[in-house]
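>>> Requesting a structural model of the entry that follows:
(2 chains)
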Amino acid sequence: MSAVVSPLREPLVKGGKTYHQITEDLCSPTERAPSPAWIAAFIVAISFLAFGLFSIVWTIWVGIGSWDLNRTIGWGWDITNFVWWVGIGHAGTLISAILLLFRQKWRTGVNRAAEAMTIFAVICAALFPGIHMGRIWLAFFIFPYPNTRGPLWVNFNSPLLWDVFAISTYFTVSVLFWYTGLVPDFATIRDRAKGFRRRFYNTLSFGWTGSAKHWQRWEALSLVLAGLATPLVLSVHTIVSFDFATSIIPGWHTTIFPPYFVAGAIFSGFAMVQTLMLITRKILKIEEYITLAHIESMNKVILLTGTIVGVAYLTELFIAWYSGYVYEQFAFYNRAVGIYWWSYFGMMSCNVLAPQFFWSKKLRRNIMFTFFMSIFINIGMWFERFVIIVSTLARDYLPSAWSYYVPTWVEIGIYLGTFGIFFTFYLIFVRIAPVVAIAEIKSILKSAGDQYTGKGAQKHTHEEQH
Amino acid sequence: MKNQNNDVWVGILDKTNDPQLEEMASKEFYELPVVDALSDEKFVEQSSTNRRDFLKYLGFGLGAATLAASCEIPVKKAIPYVVKPDEIVPGVATYYASSFVKGGDYCSVLVKTREGRPIKIEGNPTSKVTKGGTSARAQAVVLDLYNTERFKSPIVMGEEKGTATTWDDLDKTIASKINPASTIRIVTNTILSPTTKKAIADFTAKYPNTQVVTYDPISSAAILLANEASFGDKVIPDYHFDKAQFVMSFGADFLGTWISPVEYSTDWVKTRKIKDVHHAKMSRLVVAESGMSLTGSNADNRILIKPSEQGQAILYLCGKLGGGTSGKVNDKAAAALDAIAKELQAAQGKALVVSNSNDKNVQIVVNKINELLGSYGNTITFGNASLQRQGVDSEVQTLIGEMNSGSIDAVFVMGGANPAYDLPNSDKFKEAFAKVTTKVSFAGVIDETTAMCNYVAPNNHLLESWGDAQPKRGEYSLIQPTINLLYDTRESEMSLLKWAGSGVKSYYDYLKQNWEATLFPSQSNYATFQAFWDNALHDGAISVPVSEGELAFGADVATAAGSIKSASSAEVEIDFCESVNIGNGQYADNPWLQEMPDPVMRTVWGNYLAINIAFDGDNNYATFKGMNQDSKGHTDIAKFATAKGDATLPVVPVFGQMPNTVQAGLGYGREAITSTGQNTGVNLYPMLSINSDGLTQYWAEVSSVEKAGVEDEFACVQYHHTMGVTGTLEGSEEVINVDERILGHKGYQGSLTNRTILRTSHVGEVEDFVHDLQHEREHHQYLNSKTLYPDYSGLYGMGHHWGMHIDLNACTGCAACTVACMAENNVPVVGKREVHRHHEMTWLRIDRYFYGDVNNPNVVYQPLMCQHCDNAPCENVCPVAATNHSSEGLNQMTYNRCIGTRYCANNCPFKVRRFNWLDYTTADLWPANQFSINGEELPFGADNLTRMVLNPDVTVRSRGVIEKCSFCVQRIQEGKLLAKREGRKLKDNDVKTACQTACPTGAIVFGDANNKSGELHKALESPLNYILLEEINVRSSVTYSAKVHNRNTELDA
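Below you'll find the model as predicted:
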């Protein structure tokens, strides 16, 4: 590549790609036959999904009593998983919307996959508020629809109702945003395809022709959706945190929750993006599009949000002590050294201590280290939700009601099932759509002028560059 | 139609008298398109459907409808009364005065019936014995009536379940088996009924070789024999706990199980309520025992003595009081007894000493102590002597010998007696019993003894029978049927009379005749017998005057003292106690009682071994031989060995259990029992011993206790024990709060003791305490006044505002309210495994907390139900508004609307909300999910018969919804309707909750807080009142009054 490589700023796409090469590289995974690795992964994922479905049917058939929740601990793995998945579903929109508005061009390498991940994570998350209901067949009661019962309206005071609106809005905007980005890329695949695939992608691309008017409208829509999605990144987890913050249970009743939850969500979302992208770039051989620079950038976000989360944890402890309020003090003391001390330990070590290694540039750019760290953070963030929900409920106001909780196989099965859902969708996604936004990544190719092959173009070969 | 009045018009056409409008208005059906169409010939001609088609369709439709209709559809008939009985008004409850009698257990009750079926037991306030109080056992008796496994006809026992027969056949068979020369024994527990005794006497007249063998599984025979020796009156005296300023109990659990707990609780509590905080006075109660009994947990001081030390301790006390005896007890107990002797002497004439010892000699010394203290004539009288325990265990031992020798021709088992299970030597009894040729049982349900009999002549259930009871001399009450016979059963008295050849038509006539002959002449209030009878039947309980005889103490104390054994030298001893819920085992087939948590151990569905918690001075409890109960649903199983065999039981470490002693409940481990009672606990009766007088001794030496595994289904509703017990740090003199160190750190701020849950005070410090309490409450109220939200208290000040007051000082923890609540509100029974998973459904629980000295603590019982917060945290979090607040201050639960997110339960600071985790009520969509407590084929509560116990005023909740205490909203509604019908304002007594009416001590007061003249308003003015968690501003409608104790700390030294 002839373009001057800045000594300070790494190129966002490596390997001196031409536009055609980009198209080839990114479309080919959808065009070739699935690899054995993909087939194996798909079988595993679909098995988990099947077991999860079985566990869900079991829950609905037998009752919530098939879980080991009790009179004191009314929420356990169900809501822990819900909050965890919603948190994971934050990175996509953040990357797409906020980074778009901030003109962070490196986002184009990862935004497509991150957005897909968001959508699949939100699907997994939305499952739990449904199935944790004692009478899921009456779940429509939570929608404010006109009725003849008085009319009996929903309770707008309840954070659970706010959840319904927040999650469904977030899901809708995320899907629109994701799909909007996919339209030109589907058209690219269509143009290369024949027969049924051509008709299929033609439908998916809504007859995109690539006219200037199309691009203009597409750009405008992307910006509008980014503008809509930006507040949602903050609002969704804020509202999820209200499930706890508006209650009166010591350990839940905390004003710090909204910012702390949002930071935690971005933290866990980026960790999940890391986990997935590190595997995807390797398997699909797209290391030149998702480069070490991307990984390092995301690690920086992880370091920042992880540290914010750590500060939030310490602030909670300080405020509990400073408040002089016995219930609050006991709640946090109990978290740290009570019967669920191990979950607090897991949360602290994975979320606060572990990311501090990313102060080292060497480790930030170490792929194996990043991968393990992303797993740690995912575990740590799950523990955070477990700590908040279960260890708080297990030791609340009246010692007479204190209890203990371990999940049954059904609860574990549903959690594994959400992994099945998530990975099944993701695996289908990588077979159908380009995992990197082709149109967007082309826009950031620095070598646009170099690749001009027309009249007066300088003749270069790739070898010269290396 | 012409508009006649132009001042009124509808639209402009009306105003202008438009002709079209007139046409429209004049026709009833102005536009009838169908008629128009059909009258249009063209339309009919064009139509493709002709007459033939019409007939075809008609024929097919008719045929199809006929075919469909001829399929068999189950017909359910609802047959109305042709002539409506006067006393039955659909939807209105009828109450009948009756008595609860089971063996010697007695309670005068009112039976609530709805549409002809008894559904609830209430106390009978006219009774001078139980004074309107009830016990958990009395509350649960309605469920027994609907036990699907009752005997449905007379049975000839044989293989399996035996064969059904008819009464005529059975009568003939029995007649052929016995003749006037036959030697017959009637084995029974205490019989309270004078008419039953008369029937037996009539039978004996025909068969002169008949003897009645009376025994009680948990025997008070020693008291009977000691009183015979001391006063020549073989009876349980009338104890006046209300007159005693100092009660010293040696192991007698008179508030829980001993002889007449309802009566004694009612009396005792009168001396414990604080009426005036400025001159607070209360009696003292000291209990000497090894394991924490219900009475011990209510005591001001407990003296820890081993079970074998009791005789010596009584001798020691007698000696200190100048009785001339001497005894040897452990040093701590001796020091305490020295102090107690002084206190007792100071309370001369107002003291009362009782003991549960079943050693005649010990009871003679107890009598001597009472004599020395001047109790006779004051706190103990014989005029209204109790007849609630009449059994002498030695009689049944004699019977075993007689049966072995082959001299007995026939044995009749009645009165709930079950000697094949509840004798210490039941194996010997069974061996001998098998040799008797004619064995007849009158039991209504299967038990171990009945299983061995040849014939079962099933007795009616109590609620189907006529009968009477004489719990005390001069106190009589009637039993009347409240439902027609469910099965082909017969009063056992009637069976005896039939077999005696009596011509009595019905037991009712016999009963009436007996009352006319014996009781009517002994009273003077009524001129005619009919008036007397009607009144007795109406009131349920009557009193006749008795004479207080002159009794002189004449026992040989020295000889008695000489024969009292010295304490055992065994390292470990076990004390066997009667459990508060299932008694001596006769209530073991009642699911309500099985699911009622033990007041102290808080365990259900089985017996547990209470072991000591040794506090090692740090954050750990070094429990008995290293065993502990962790708080994760598991506990260790202990194997312990006595001279008469060994047993394994799960352990519960209990504060206040004497080191090197253990305690376990009797009455569990029944083998021949209806299905819900199976596989619950271990039978410990075989470990009991018999002393030289033939009396059962309820303790044993333990040769070893060792860990034998882990109980994974530890069914305990309350893991945490304490609320501020203090102990001395090992290696120093520093006294620390154990709870502050529960997590291993000293001086931790967030202790449990600072929580606004319990408030306790010593009676001598009440004034200071009240000052502090007021100050604390003012601070909380000040904080609460800073809320940003609007204040609705003005609204709640209008109309009714329902509230409750609970006097922790009056609550003894007997749990009658818990069972009453289950009965009233259709609370499902969930079984052991579900309770282990903390899925119990009780709307009202009684929290038990220890406080004070870690080695010898005091106990508070705190009944806890929905607090009906006016600022309820559960209400605003429900997404579908299924729980909301009424204008009368009730926190209402709308089951239909509930989708089961459980957010309300999470956000309840009191954790009183209950979720239907599984299909506990068998109301589910899918029958496959019906829920068996004990692996039964037909789940408990699924049978239509069992469902008859349901209160029709209360919804049965289905799977997946939250439920909780409603303040008995159905009773509030009933009271309001009554007042409305009578055209008056609601009075205080119109509404009483089920827990309130069940309580024998009046600890619960319910009412309208806005009624300034009401009982509740008065109770709310007590300066001892406080509100749970007042600082979190949920504004509870339930107010508690602080626990005041009268502990003498000198005894602790």
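
>>> ok, residue 334 - how many residues close by?
Picked chain A for this. 24 (other C-beta atoms under 10 Å in any protein chain shown). Any C-beta I mention is one placed from the backbone N, CA and C, and that applies to glycine too.

>>> sorry, should have said chain B
The criterion is other C-beta under 10 Å. On that basis, B:Ala334 has 18 neighbouring residues.

>>> which phi and psi does it have?
Backbone torsions for B:Ala334, taken as degrees, to the nearest 10, come to phi -60, psi -50.

>>> so who does it touch?
Contacts here follow C-beta atoms under 8 Å, 6 or more residues apart in numbering or on different chains; on that basis B:Ala334 touches B:Tyr316.

>>> ok, now how distant is it from B:Lys320?
From B:Ala334 over to B:Lys320 the distance is 9 Å, taken as C-beta to C-beta, to the nearest Å.

>>> Enumerate every residue touching the residue of the stretch 101-250 of chain A found nearest chain B.
Taking C-beta to the nearest C-beta, chain B has its nearest neighbour within the stretch 101-250 of chain A at A:Gly134, 2.0 Å off. By C-beta under 8 Å, 6+ apart, the contact list for A:Gly134 reads A:63-64, B:898-902, B:915-916, B:959-962.

>>> Give me the buried entries from these.
A:63-64, B:898-902, B:915-916, B:959-962 (16 or more other C-beta atoms under 10 Å in any protein chain shown).

>>> Closest to A:Val57 out of those residues?
Comparing the buried ones among the contacts of A:Gly134 against A:Val57 with C-beta to C-beta picks out A:Gly63 as the nearest, at 12.2 Å.

>>> Quick check, that closest one in contact with B:Trp917.
Yes: A contact is recorded between A:Gly63 and B:Trp917 when judged using C-beta atoms under 8 Å, the distance being 6.0 Å.

>>> Tell me how many other residues crowd residue 409.
Since no chain was named, I'll use chain A. Each residue near A:Trp409 was counted by other C-beta under 10 Å, and the total is 14.

>>> Please refer instead to chain B.
For B:Asp409, the count of nearby residues is 18 (other C-beta under 10 Å).

>>> Give the phi and psi angles for it, as a check.
Comment: the main-chain dihedrals of B:Asp409 come out as phi -90, psi -40, following degrees, to the nearest 10.

>>> wait, doesn't it sit right on B:Val440?
No: B:Asp409 sits out of contact with B:Val440 when judged by C-beta under 8 Å, with a separation of 11.5 Å.

>>> Report the next helix or strand after the helix or strand hosting B:Val212 in sequence order.
When elements are assigned from DSSP states H and E, B:Val212 belongs to strand B:210-214. Once the chain leaves strand B:210-214, the next helix or strand it forms, by DSSP H and E, is helix B:221-231.

>>> Which pLDDT value goes with the residue in the stretch 301-450 of chain B positioned nearest to chain A?
At 21.9 Å from chain A, B:Arg302 is the closest residue in the stretch 301-450 of chain B, using C-beta to the nearest C-beta. We have a pLDDT of 93 for B:Arg302.

>>> quick one on the thing from earlier: for the contacts of A:Gly134, which one is nearest B:His805?
Distance to B:His805 across the contacts of A:Gly134 (C-beta to C-beta) is lowest for B:Ile962, with 26.0 Å.

>>> Spit out the contact partners of the closest one.
Residues counted as contacts of B:Ile962 (C-beta under 8 Å, 6+ apart) are A:134, B:882-883, B:893, B:898, B:900, B:902, B:904-905, B:913-916.
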